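K.L.:
build me a model from this:
(one chain, ligands or ions: 1)
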Amino acid sequence: MSSQETVQPVDDSQIPGDGPIVTTTVKDPATGEVRRRRRRAFTMADKLSGVQYEIRGPISQEAEKLAYDGHKILKLNTGNPAVFGFEAPDVIMRDMIAALPHAQGYSNSKGILSARRAIVTRYELVEGFPDIDVEDVWVGNGVSELIQICCQALLNDGDEVLIPMPDYPLWTAATTLAGGKAVHYRCDEDNEWNPDIEDIRAKVSEKTRAIVVINPNNPTGAVYSKDVLKKIVQVAREHELMVFADEIYDRILFDDAVHYSLAALAPDLVTVTFNGLSKAYRVCGYRAGWMIVTGPKRMKEGFVAGVNLLSGMRLCPNVPAQHAIQAALGGKQSIFQLTAKTGRIYEQRELAWQKLNEIPGVSCVKPMGALYCFPKLDLDYYDITDDSALMLELLRQQHILLVQGTGFNWDRPDHFRVVFLPRVDVLSEAIDRLGDFLSHHVR
Ligand SMILES: Cc1ncc(COP(=O)(O)O)c(C=O)c1O
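P.N.:
Now for the predicted structure:
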């Protein structure tokens with residue numbers, strides 16, 4: 001509301017509700033008299049307290065302001081391939097454009113049949129993946145929407161979900177918003193960021209309903225071995241947990257890394273496998289993702305009813321993008337060229353990882369998958385107590401936007417995440433400037 005409003009005079013002595021009251025200046029249209037009026041202020045819903053998504057949080061909003069003022073900001077806060085010159089494969093775009101005239105109506109809430117059929121076919125080729133049919137597949141407006149649907153469908157107030165630390169923070173946010181409690185299990189940097197199985201075990205309680213596994217991992221870049229995955233599955237099995245397998249980076253692998261789908265190792269558990277077009281197919285703006293619910297029918301039917309209810313309430317996923325799914329999943333997978341030793345993403349990963357490790361007081365485990373480095377700052381070397389303040393200062397001084405480790409629910413102010421999507425020259429200069437910036441924070 002502007003500082004002075006022209007409004008009809010009303011009695012403001014009784015204001016409905018018990019929320020906060022503010023005073024605004026109003027002008028009576030009849031008399032032209034200006035006076036103060038008490039008004040009800042609308043506050044954010046209580047259920048949002050504790051819900052955080054720092055990747056697009058206050059520091060990123062500050063970056064928008066700086067960009068609006070004409071500053072060139074290097075945004076290394078989101079894994080957004082298109083803005084770094086990674087174009088979608090032609091065939092994806094062509095199929096979507098061709099489908100536009102027929103994509104005007106709502107679709108089935110679970111998604112169009114051809115997309116779901118293509119997803120089923122894709123997983124038929126994954127070794128050991130349980131048998132599925134189109135009825136087990138839901139398409140969504142990105143994996144993000146499906147994560148929220150699952151958390152809302154599963155959790156009662158106070159139910160606990162085991163989530164990795166560091167995490168992709170949407171999982172913690174969606175759990176909290178659904179009334180659940182995120183309980184973070186530690187991934188061990190000294191063990192190539194593998195999940196600490198004993199920590200997982202120690203954190204299971206009577207209220208634990210599910211465990212989230214992000215593999216390949218954002219933000220650490222870890223890719224888990226079959227053995228590690230089997231151990232996680234064993235804990236889930238012993239405690240009858242639902243397994244949420246976020247596998248959106250399953251085709252972004254480096255060197256000899258191999259991805260194993262969790263559902264293939266847990267056919268006896270209710271497992272939800274998430275994936276989509278955002279990363280491997282570089283079309284995150286299209287908002288096309290999917291999930292597959294596997295496991296014994298009797299165990300999952302209540303949850304599935306909830307998922308169907310919520311999917312129906314949002315009517316359907318955006319229809320044009322669904323037509324891109326079949327084209328994307330069939331035929332040549334161009335991502336493999338980008339991640340091969342001569343490929344652009346591979347070269348950028350090498351450079352980012354090497355150059356980060358060259359900065360004194362910075363160490364980084366080599367990412368074996370995904371699009372991120374998650375380096376550590378040695379706090380004996382650097383005088384840093386607040387990683388958000390550090391990232392804000394970096395943004396203001398160097399116009400580089402990174403995300404602080406605590407934004408991934410990491411419990412110390414000693415990490416940050418770098419997206420290695422820019423071309424090598426851009427990345428190289430950015431990391432040089434980062435090193436220079438950090439040199440002013442040496443103890
Ligand atoms: C681990 C992980 N899961 C899910 C998503 C969300 O992807 P989508 O674009 O499909 O919503 C992301 C996006 O960065 C991610 O990193």
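
K.L.:
quick check: phi and psi on the one residue in the chain that gets nearest to the ligand?
P.N.:
Per C-beta to the nearest ligand atom, residue 142 is where the chain lies closest to the ligand, at 2.6 Å. To be clear about C-beta, it is placed using only N, CA and C from the backbone, and glycine gets the same treatment. Dihedral pair for residue 142: phi 80, psi 160, per degrees, to the nearest 10.

K.L.:
that one contacts residue 278, doesn't it?
P.N.:
Yes - under the criterion of C-beta atoms under 8 Å, residue 142 makes contact with residue 278 at 6.2 Å.

K.L.:
shared neighbours of these two, anything?
P.N.:
Each of 284, 287-289 lies in contact with both residue 142 and residue 278 under the rule C-beta atoms under 8 Å, 6 or more residues apart in numbering.

K.L.:
which parts of the protein sit against the ligand?
P.N.:
Within the chain, the residues that sit near the ligand (C-beta under 6 Å from any ligand atom) are 79, 142-144, 168, 214, 218, 246, 248, 276, 278, 284, 289.

K.L.:
mind checking which of those are in strands?
P.N.:
Of the residues of the chain next to the ligand, the ones assigned to strands by DSSP state E are 214, 246, 276, 289.

K.L.:
what sits against the closest residue to residue 410 other than its chain neighbours?
P.N.:
Residue nearest to residue 410 in three dimensions, not counting chain neighbours: residue 166, with 4.4 Å by C-beta to C-beta, 6 or more residues apart in numbering. Counting by C-beta under 8 Å, 6+ apart, residue 166 touches 187, 219-220, 374, 405, 408-410, 415.

K.L.:
between the residues you listed, which is closest to residue 15?
P.N.:
Residue 15 has its nearest neighbour among the contacts of residue 166 in residue 409, at 38.7 Å by C-beta to C-beta.

K.L.:
for residue 428, the count of nearby residues, please.
P.N.:
16 (other C-beta atoms under 10 Å).

K.L.:
could I get the phi/psi values of it?
P.N.:
phi -60, psi -50.

K.L.:
ok, it touching residue 354?
P.N.:
No - the criterion here is C-beta under 8 Å, and residue 428 misses it with residue 354 at 9.8 Å.

K.L.:
any idea how many residues pack against residue 271?
P.N.:
For residue 271, using other C-beta under 10 Å, the count is 26.

K.L.:
list the contacts of it.
P.N.:
242-245, 262-263, 293-295.

K.L.:
filter those residues down to the ones in helices?
P.N.:
262-263 (DSSP state H).

K.L.:
closest to residue 106 out of the contacts of residue 271?
P.N.:
The closest of the contacts of residue 271, once distances to residue 106 are taken by C-beta to C-beta, is residue 293, at 22.3 Å.

K.L.:
sorry, back to before: could you export the ones in strands among the residues of the chain next to the ligand as CSV, including distance to residue 183, neighbour count and pLDDT?
P.N.:
Compiled in CSV, those are given as follows (distance: C-beta to C-beta, whole Å; neighbours: other C-beta atoms under 10 Å; pLDDT from 0 to 100):
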residue, distance to residue 183, neighbour count, pLDDT
214, 15, 26, 98
246, 17, 27, 98
276, 26, 29, 97
289, 25, 25, 98
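
K.L.:
now do the buried residues in the helix or strand that contains residue 92.
P.N.:
Per DSSP states H and E: residue 92 is located in helix 90-99. By neighbour count on 16 or more other C-beta atoms under 10 Å, the buried set for helix 90-99 is 91-92, 95-96, 99.

K.L.:
again with stretch 110-122
P.N.:
Buried residues in stretch 110-122, defined by neighbour count with 16+ other C-beta under 10 Å: 110-112, 115-120, 122.

K.L.:
ditto for stretch 358-374
P.N.:
By neighbour count on 16+ other C-beta under 10 Å, the buried set for stretch 358-374 is 359, 361-362, 364-365, 367-374.

K.L.:
and if you look at stretch 213-233?
P.N.:
Using 16+ other C-beta under 10 Å as the test for burial, stretch 213-233 gives 213-224, 228-229, 231-233.

K.L.:
among these, which are in helices?
P.N.:
Reading helices off the buried residues of stretch 213-233 with DSSP H, I get 228-229, 231-233.

K.L.:
so can I have JSON lines of those residues showing pLDDT?
P.N.:
Converted to JSON lines, these look like this (pLDDT from 0 to 100):
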{"residue": "228", "pLDDT": "98"}
{"residue": "229", "pLDDT": "98"}
{"residue": "231", "pLDDT": "98"}
{"residue": "232", "pLDDT": "98"}
{"residue": "233", "pLDDT": "98"}
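
K.L.:
from those residues, which is closest to residue 208?
P.N.:
residue 232 (13.1 Å).

K.L.:
my understanding was that the closest one contacts residue 213; is that so?
P.N.:
Yes - using C-beta under 8 Å, residue 232 is in contact with residue 213, at 6.0 Å.

K.L.:
and the residue nearest to residue 111 when sequence neighbours are not counted, bridged to which residues?
P.N.:
In space, and not counting its chain neighbours, residue 111 is closest to residue 139: 2.8 Å by C-beta to C-beta, 6+ apart. In this entry, residue 139 is beta-bridged to residue 290, by DSSP bridges.
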